[in-house]
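J.: Based on what follows, work out the 3D shape:
(2 chains)
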Amino acid sequence: MSHDHGHHKDTFITKYIFSIDHKMIAKQYLISGLLMGIVGVVLSLFFRMQIAWPEESFEIFKIFLGEKMAPGGVMRNDIYLALVTIHGTIMVFFVLTAGLSGTFSNLLIPLQIGARDMASGFMNMLSFWMFFISCVVMIVSLFVESGPASAGWTIYPPLSALEEAIPGSGLGMTLWLVSMAIFIASSLMGSLNYIVTVINLRTEGMTMTRLPLTVWAFFITAIIGVISFPVLFSAALLLIFDRSFGTSFYLSDIFIKGEVLHYQGGSPVLFEHLFWFLGHPEVYIVLLPALGITSEIIATNSRKPIFGYRAMIASIIAIAFLSTIVWGHHMFISGMNPFLGSVFTFTTLLIAIPSAVKAFNYITTLWKGNLQLNPAMLFSIGLVSTFISGGLTGIILGDSTLDINVHDTYFVVAHFHLVMGISALYGFFAGVYHWFPRMFGRMMNKTLGYIHFWVTAVCAYGVFFPMHFIGMAGLPRRYYTNSNFPLFDELADTNVLITMFAIVGAAFQLVFFWNFFYSIFKGKKAPMNPWRSNTLEWTAPVEHMHGNWPGEIPAVHRWPYDYSKPGHDEDFVPQTTPMKEGEVELHH
Amino acid sequence: MNGLLILLIIVLLGVAAWQLSKIFSLTQIGMAKGDSTIANDKDNNINGYLMFAFVGFIYIFTIYSFIKWGSFVLDTPASEHGKDYDNLMNISWIIIFTVQTLTQFLLHYFAFKYRGKEGQKALYYADNNKLEAIWTIIPVIVLAVLILYGLYTWNQIMYVDEDEEVINVELYAKQFSWEARYAGDDNTLGKANVRYIKDVNTLGVDMSDRASQDDKVVTEIHLPVGKKVHFRMRSQDVLHSAYMPHFRAQMNCVPGMVTEFAFIPTITTADMRNMPGMVKKVDGINKIRAKKSVELAAQGKPALEPYTFDYLLLCNKICGASHFNMQLKIVVESEADYKKWLKEQKTLASAIKEANAPKEDPAAVKETPAVAEAVVDTTKAVAKGK
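T.: Numbers count the residues shown, from 1 in each chain, chains lettered A, B, ... in the order given. Sure thing, here's the model as predicted:
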C-alpha cells in the first residue's frame, strides 16, 4: 500500500502486531477486550449456576474447573469467591476500561479531531502491549495451584494480604497485583497520549467547543484516569510491601491460624480510602466514554443536534470533578468517622444533578427527531434506560443512612450492574455497531444486531431487576450458598430465575460474536459515510492508511451536530462544510 | 437432570433465535435491496413498536415483581431508628418510582413516536436554557430535601450520647464465627488485644484489667426490649461486617480497631414471631422446606428441620471461604428474662479459672476450639428453632 504519508514499508509484524497506527491499536484493544469479555461472562455463569443450584455437580465444572477446583463437579467454596473476584476484575478493568476506552479513544480521537495519529504512536503501541501482558498475567493466575485471587475485586486486606486467610491470597494474589500494576502503567500511557493529542493535534477550526461529545468524554475520562490510577498503584504497592516485606501499612493486631502475627499499627481502612479513590472515579472512567459514544450516536440517528451541547460538556466535567470527591460512599459503614459519612452523602447525591441533566438531554434529543433505529441507536437508547433505572437506586445507596441496611447486599449488585455494567456494555456494543464500518470497511448484519439487542435488553432487566428484591430481603452478596439460612429459603426460586436469564442473555451474545467475526471477513462493503454523519472520521477513505487522510487534513468550519439544519438540502452538514453566507453558527 | 435442562435451554434458544430472525426477515420483503445494513422504514417501524412494547415490559415486570417478590422485602423494623430508616426509604422509593415511570415512558415513547420515516425532517432544536434550568433545579430541590432528611437521620443513628444509659456489648468476629462479650455488673468492657488470646480466653481479654473481671463471653446475644445497646465491634483476622438486617443495623469489624453501632430493640423475638406478616413468611418458608425434605428423603438424606424465626447477626463482608456461614442468634426479650439469662452466664474469669484447674485428663482441655463448637451448636439451634 502506498500513500503520501508512509515513509516505510509495512511488514506483517509492523502492520498487525507492533503497529503504531491508532486504528490498528484500536482493533487490537477491541479484540482483546472482547476475548476477555468472554472469559469474564463465562466465569459469571459458573458462579450464577452455583448460587441457583448450590453444591450440585455439573459436568461443565468438571471440564472447565477441573477436579481440583470442583471436586466431583461441585465448585469449592473458595473457588466461588475466586470466580467472583476475577469476573469483577476482568469486567471492570479489562473489558470496560481497556476494551471500551482503549478501543474508541484510540480509534476516534485522531479521526474526529483531524489528526494523523496519536501524539506518540510508539507510546500508544507500548500501552497496548503492556495491556496485553497484563491480560496474560491475569489469565495465567487462573491456573495457579492455590487458585486465583479470591478477596473480591476490591481486594480488601487483610484477606488479600494473608495467605492463611484464603488460599487465593497466595500466588494468585501476587499475580493479580503484578497484572494490575502493568495494567495501570498501560492505562496511564494511554491516557497521557489521549490528553496530549486532544490538546495539541486538533485540525484547523476544531476549537474545543466544536469537538464531538465522544472526544470530550474520552478527554475528561483520560484526565480522571491520570488523577486516580496512580493512587491505586500506590495502594497496590503498599499491599505488596505488607505481603512480601513484612510492613504494616494495612495490618494490625491479627490472630490467625492459632498465631499472633507481628503486624502492628496499620489500618485496612487506609486501603479502602486509597482503593476507592480510584475505585469510584473508575465507575466514571467506564461510564463516561459510553455516554460520549451514546451522545454521538443518538444525535446522528435522531438526525437532530444533541440537545444542550454545552450543558452536556458541563455535566461531563461536573461528573468528573464530583467523581473524585465521593469515594467515601463505599465506606459508610467501614468504621470511619460518621462525620465523613455526612460529607460523602452530600457530594454523592450531588452527582445526581449532572446525571439527570444528561438523561433529560438525551430524551429531549429524541423528541421530534427522525429516529433511525439501527442496532447502534437501539443500544444507545437502551443505555439511557438502564442508566436511569440503575442510577435512581443510587439515591438509596448514596445516602449513608439507607446504605446501612443494603450495603453489600444484592441490592448493590443490582444497582452497579445496571448503572455501570450494563450501561457501559450497551455503549460498547453501540460503538461497535456504529464504527464497525470505520474499523473494518464492512457493515455488520442489522437483523442479527436487532436480535442481539432485544434479547439482551430483556435479559439484562430479567437478571438485575429481581436482585433489588432479594437485596432488600437482606441477602448478602458473595455467599457461596444461601442454604445455611432458612430465612433465605424463599429466595431460592428467584435465584434460579436470575441464573436462567443470565444464561439466555449470555448465550445470545454469541449472535453478536458471530456477526462481528463474520462481518470482518464477509460483511457487505461499507460506503464512506454509512450513517450520514457529520464528524470527521467519515471523511477519511474506507481503506485504512497511515495518516488517515490522503493529502491535506480537512479543516473544520462548524460544530458536529448540524443535523436537519434549515437552509441545507441534506439532513446533515459535515463539519468540513464551510458556513454559508449569513448562516448562523450556534454557540460561537 | 442438569444435562436435560441445559439441552432444553439450548433448544429453546434456537427456537427463539429462529423466530426472531423470521420476524425481522419477513419485514424486509418488498424493501429495496442494497441498503440491507442500514435501518429502513420497516426497521424503524418494527423497532419503534418494540420500543413502545418495551416500556410496557418494564412496567409489567415492575408490577409483577412487586406482587411476586414484594413480600421478600424486610418490613417492620425491630429497632427504634428502624422506623426513621424505613420512612426515609419509602420517601426515596416514591421519588424513584415517579422519576422512573415518567422518564422511561418519555424515552421509549419518543423512540416510538418519532421513529424514522422517509422524507420526515427532524426539528433543528439544539438548546433551551429555560428547560435546562428546570431539570437542573428540580433535582436540586428534591435532593436537598433527601440530603437534609438523610443527614438528620444519620446523625440520630450514628452519634451515641455518652451520658445515656446503655448496655455495652462487644461483638467479636473471626473466620468463621461470632462471639460476644457482655460488660458485666460494672457495665465497662475490659481492655483486650489479640495478643492476650490464650485457650478459653478466645477474645484476648486483658485479665489484668479490673474491668475485665466480670466480663462474660457468650455465643448467643440476648437483648432487653426497649433498652439502648451499644455494640463495639472487633475482628481478630480479616474484615467482617456485623449485619443485623431486622434492626437496620450494620457495621464493619476491622482488625486493629474498634467500631461502634448502637440501637434500641423494640420488638421481642416472641412478638416478632407472632406478627401476621412473619407468620405468613415462616409458613411459606416451611412449605418450601417440607417440599425439599420430600426430595431429600427420596435420595435417602435426612429431612430439613422446620424453621422458626429468630433475629440473626450475619457476616456481610467477604471474609474467606466460609463467609456464607457465619451467623449468631440474637434474642430480644423482656428485661427480666434478659437479666435472668445474663446471670446464668459464666464470667470469663471463672471460665479461665475452671480451665486452668487441674483436670483428670488434661489432654482433653488442651487447645480445644471450644467456642467454634459452641457456634456450630448455635447454628443448629437456629435451624431447629427450639
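J.: residues making contact with stretch A:411-421?
T.: With contacts defined as CB atoms under 8 Å, 6 or more residues apart in numbering or on different chains, stretch A:411-421 is touched by A:91, A:96, A:283, A:286-287, A:386-387, A:389-391, A:393-394, A:396-397, A:406, A:460, A:463-465, A:467-468, A:471-472, A:477. Using the backbone N, CA and C atoms, a C-beta is placed for each residue, glycine as well.
J.: So which of those belong to helices?
T.: A:283, A:286-287, A:386-387, A:389-391, A:394, A:396-397, A:406, A:460, A:463-465, A:467-468, A:471-472 (DSSP state H).
J.: just those that are near chain B?
T.: Intersecting the ones in helices among the contacts of stretch A:411-421 with the contacts of chain B gives A:Ser389, A:Ile396, A:Phe465, A:His468, A:Met472 (criterion: CB under 8 Å from any CB of the partner chain).
J.: Now do the contacts for the first one.
T.: By CB under 8 Å, 6+ apart, the residues touching A:Ser389 are A:Leu418, A:Val419, A:Tyr461, B:Ile58, B:Gln100, B:Gln104.
J.: any idea which element whatever residue of chain B ends up closest to chain A lies in?
T.: Nearest residue of chain B to chain A, counting by CB to the nearest CB: B:Gly256, 2.9 Å away. Under the criterion DSSP states H and E, no helix or strand holds B:Gly256.
J.: Contacts only, for it.
T.: A:Leu251, A:Ser252, A:Asp253, A:Ile254, A:Gly265, A:Gly266, A:Ser267, A:Pro268.
J.: do you know how far it is from A:Ser267?
T.: Look at B:Gly256 and A:Ser267: by CB to CB, to the nearest Å, they are 6 Å apart.
J.: Inside helices: which ones of the contacts of A:Ser389?
T.: Using DSSP H, those in helices are A:Tyr461, B:Ile58, B:Gln100, B:Gln104.
J.: A:Ile139 - nearest residue in space that isn't next to it in sequence?
T.: Closest residue in space to A:Ile139, ignoring its immediate chain neighbours: A:Val39 at 7.0 Å, by CB to CB, 6 or more residues apart in numbering or on different chains.
J.: now the closest residue to chain B within chain A, nearest residue through space, not along the chain?
T.: Residue nearest to chain B within chain A: A:Ser252 (2.9 Å; CB to the nearest CB). Closest residue to A:Ser252 apart from its sequence neighbours, by CB to CB, 6+ apart: B:Gly256 at 2.9 Å.
J.: now do A:Ala149
T.: Counting by CB to CB, 6+ apart, the residue nearest A:Ala149 is A:Trp176, at 3.9 Å.
J.: State the number of residues packed around the one you found.
T.: Other residues lying near A:Trp176 total 26 when counted by other CB atoms under 10 Å in any protein chain shown.
J.: mean confidence for the host helix or strand of it?
T.: Remark: A:Trp176 resides in helix A:171-200, with elements defined by DSSP H and E. If you average the pLDDT over helix A:171-200, you get 96.
J.: what does stretch B:257-266 give?
T.: According to the model, stretch B:257-266 has a mean pLDDT of 95.
J.: got the phi/psi numbers for the closest residue in space to B:Tyr196 that isn't next to it in sequence?
T.: Nearest non-adjacent residue to B:Tyr196, counting by CB to CB, 6+ apart: B:Gly204, 4.1 Å away. Main-chain torsions, B:Gly204, degrees, to the nearest 10: phi 70, psi 40.
J.: how about the helices in chain B?
T.: B:2-26, B:41-69, B:80-113, B:129-158, B:269-274, B:276-298, B:335-344, B:348-356, B:362-365, B:370-384.
J.: Pull the residues that contact whatever helix or strand A:Ala311 lives in.
T.: Following DSSP H and E, one finds A:Ala311 within helix A:309-323. Contact with helix A:309-323 is made by A:209, A:213, A:216-217, A:220-221, A:223-224, A:280-281, A:283-284, A:288, A:291-292, A:295, A:306, A:347, A:350-351, A:353-355, A:357-358, A:361, A:559, A:561, A:586-587, B:126-127, B:132, as judged by CB under 8 Å, 6+ apart.
J.: and the residue nearest the centre of chain A, what is it in contact with?
T.: The centre of chain A sits closest to A:Leu96, judged by CA atoms, centre = their mean, with a distance of 2.2 Å. Contact partners of A:Leu96, counting by CB under 8 Å, 6+ apart, are A:Val286, A:Met420, A:Gly421, A:Ala424, A:Leu425, A:Phe428.
J.: Go again with 7 Å.
T.: A:Leu96 makes contact with A:Val286, A:Ala424 under the criterion CB atoms under 7 Å, 6 or more residues apart in numbering or on different chains.
J.: can you check A:Gly471 too?
T.: Taking CB under 7 Å, 6+ apart, one finds A:Val406, A:Thr409, A:Tyr410, A:Phe411, A:Val412, A:Val413, A:Ala414 in contact with A:Gly471.
J.: where does chain B dip in pLDDT?
T.: Low-confidence segments of chain B (pLDDT under 70): B:1-7, B:9-10, B:22-36, B:359-386.
J.: What residue, apart from its backbone neighbours, is nearest the spatially most central residue of it spatially?
T.: Nearest residue to the geometric centre of chain B (CA atoms, centre = their mean): B:Pro245, 5.6 Å. Closest residue in space to B:Pro245, ignoring its immediate chain neighbours: A:Gly474 at 3.3 Å, by CB to CB, 6+ apart.
J.: Surely the residue nearest to A:Ile139 touches A:Met91?
T.: No - checked against CB atoms under 7 Å, the pair A:Val39 and A:Met91 is beyond contact range at 9.6 Å.
J.: Have a look at these two and say which one is more surrounded.
T.: Legend: neighbour count by other CB under 10 Å for A:Val39 and A:Met91, higher for A:Met91 (26 against 19).
J.: Tell me the spacing between the more buried one and A:Glu272.
T.: 21 Å.
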